[in-house]
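Colleague: what follows is a predicted structure for the sequence shown.
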Amino acid sequence: MKDRDEAVRIDKWLWAARFFKTRSLASQAVTGGKVELNGERAKPAKHVQVGDTLRVRHGPYEHVIVVRVLSEQRGPASVAQTLFEETAESKEAREKLSQQLRMAPARFVYEEGGRPTKKDRRDLSRFIDRQRGRREE
């Protein structure tokens with residue numbers, strides 16, 4: 001059994017290390033399978049220890065980190081960066097993905113320039129009203 005003095009809940013640690021803005025978001029990510037502890041899916045109450053390896057998927061990016069320091073309290077970002085060390089392979093993969101995403105074309109291109117104008121909305125409302133009026137007759 002792990003010594004509880006040398007272990008911290010995974011959701012608290014992820015929140016303290018500033019991977020997630022709130023502890024509930026960290027808990028949801030762990031529950032949703034976005035976080036693996038030592039290669040296995042974890043639950044929010046699972047304890048992490050110094051030396052454990054975490055795989056955290058956050059958006060399109062995946063961080064593979066090693067726990068260096070335990071903390072249950074959220075502090076400044078400079079302190080949070082000392083809680084973990086990211087592997088070199090993880091950094092390379094994230095940088096490569098970042099460049100690919102930067103070079104990729106925009107997903108959505110609106111022909112009409114985005115949102116409808118006030119005039120467009122009025123015209124649409126008139127059209128819908130006319131269609132409803134014809135159907136009721």
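Modeller: Received it, and whenever you're ready, just let me know what you need.

Colleague: correct me if wrong: A77 contacts A17.
Modeller: No. Judged on C-beta atoms under 8 Å, A77 makes no contact with A17 at a distance of 9.9 Å. (Glycine included, C-beta is placed from N, CA and C.)

Colleague: next up, the contacts around the residue most central in space within the chain.
Modeller: For the chain, the residue nearest the mean C-alpha position is H58 (3.4 Å; C-alpha atoms, centre = their mean). Taking C-beta atoms under 8 Å, 6 or more residues apart in numbering, we find H58 in contact with F19, F20, A29, K34.

Colleague: and the helix ranked longest in the chain, what does it pack onto?
Modeller: Among the segments of the chain that qualify as a helix by DSSP state H, the longest is helix 118-136. The elements that helix 118-136 packs onto, with contact taken as 3 or more C-beta pairs under 8 Å, 6 or more residues apart in numbering; DSSP states H and E, do not include any helix or strand.

Colleague: for the record, mean pLDDT for it?
Modeller: Helix 118-136 shows an average pLDDT of 83 in the prediction.

Colleague: over to stretch 76-86?
Modeller: Regarding stretch 76-86, the rounded mean pLDDT is 93.

Colleague: neighbouring contacts of it?
Modeller: Here stretch 76-86 makes contact (C-beta under 8 Å, 6+ apart) with 13, 16-18, 54, 63-71, 74.

Colleague: now, those that are in helices?
Modeller: Counting by DSSP H, the members of those that fall within helices are W13, A16.

Colleague: only whichever of the contacts of stretch 76-86 are buried, select them in ChimeraX.
Modeller: Once 16 or more other C-beta atoms under 10 Å is used to decide burial, the buried members of these can be selected in ChimeraX as follows:
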select :13,16,17,18,54,63,64,65,67,70,71,74
